[in-house]
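**Student:** Sequence plus the predicted model coming up.
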Amino acid sequence: MNAIAALLSDFEVLDDWEDRYKHVIELGRDLPPLPEADHAPENKVKGCASQVWITSATEGPAADPVLTFRGDSDALIVKGLIAIAFMIYSGKPAKEILTTDAGEVLGRLGLAGHLTQQRSNGFASMIQRIKHDAQAALQASSS
């Protein structure tokens, strides 16, 4: 079962928004810690009301490198959203990252309609950053 299917399966059994919200926070608590040195301005995601840092590493074939992400936030719910974004994108080839719609996955999880506009915008900023890193990795591999 891939990460998105596992994520959908976990959320399927949660009936109400409060249970989903608690699960998102749990996912954030399980996020591996980000080294203090990575809480640097160049890793900060712009467009998030909370503080969010994301780093990426690439490996694998130059034609379609695989990206792995790490991140952190000063807000628990946002850490959970980071964890969800990483479940969708981390460990995936750059081309797959660029074609995967996180908003669609968020909708299937039953979260899209419950996030504040600010959190939705912040999540979109995280995804934009992840896709930017994937695009940069592809460009670096082709030059």
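**Tutor:** Arrived safely.

**Student:** who touches the spatially most central residue of the chain in this structure?
**Tutor:** The centroid of the chain falls nearest to residue 85 when counting by Cα atoms, centre = their mean (2.0 Å). Residues near residue 85 by Cβ atoms under 8 Å, 6 or more residues apart in numbering: 69, 71, 102, 123, 126-127, 130. Every residue, glycine included, has its C-beta placed from N, CA and C.

**Student:** Out of the residues you listed, which comes closest to residue 53?
**Tutor:** Comparing those against residue 53 with Cβ to Cβ places residue 71 closest, at 5.9 Å.

**Student:** Quick check: which element contains that closest one?
**Tutor:** Per DSSP states H and E, residue 71 falls inside strand 66-73.

**Student:** Distance check, the residue nearest to the centre of the chain against residue 131.
**Tutor:** Computed as Cβ to Cβ, to the nearest Å, the residue 85 to residue 131 distance reads 11 Å.

**Student:** repeat for residue 51
**Tutor:** Distance, residue 51 to residue 131, by Cβ to Cβ: 21 Å.

**Student:** before we move on, what about residue 20?
**Tutor:** Distance from residue 20 to residue 131, by Cβ to Cβ: 25 Å.

**Student:** Name every strand pairing with the strand holding residue 71 and say which way it goes.
**Tutor:** Its sheet considered, strand 66-73 pairs with strand 52-59 (antiparallel), strand 92-93 (antiparallel) by DSSP bridges.

**Student:** So for residue 2, which of the ones you listed sits nearest?
**Tutor:** That would be strand 92-93 among the strands paired with strand 66-73, by Cβ to Cβ, at 9.4 Å.
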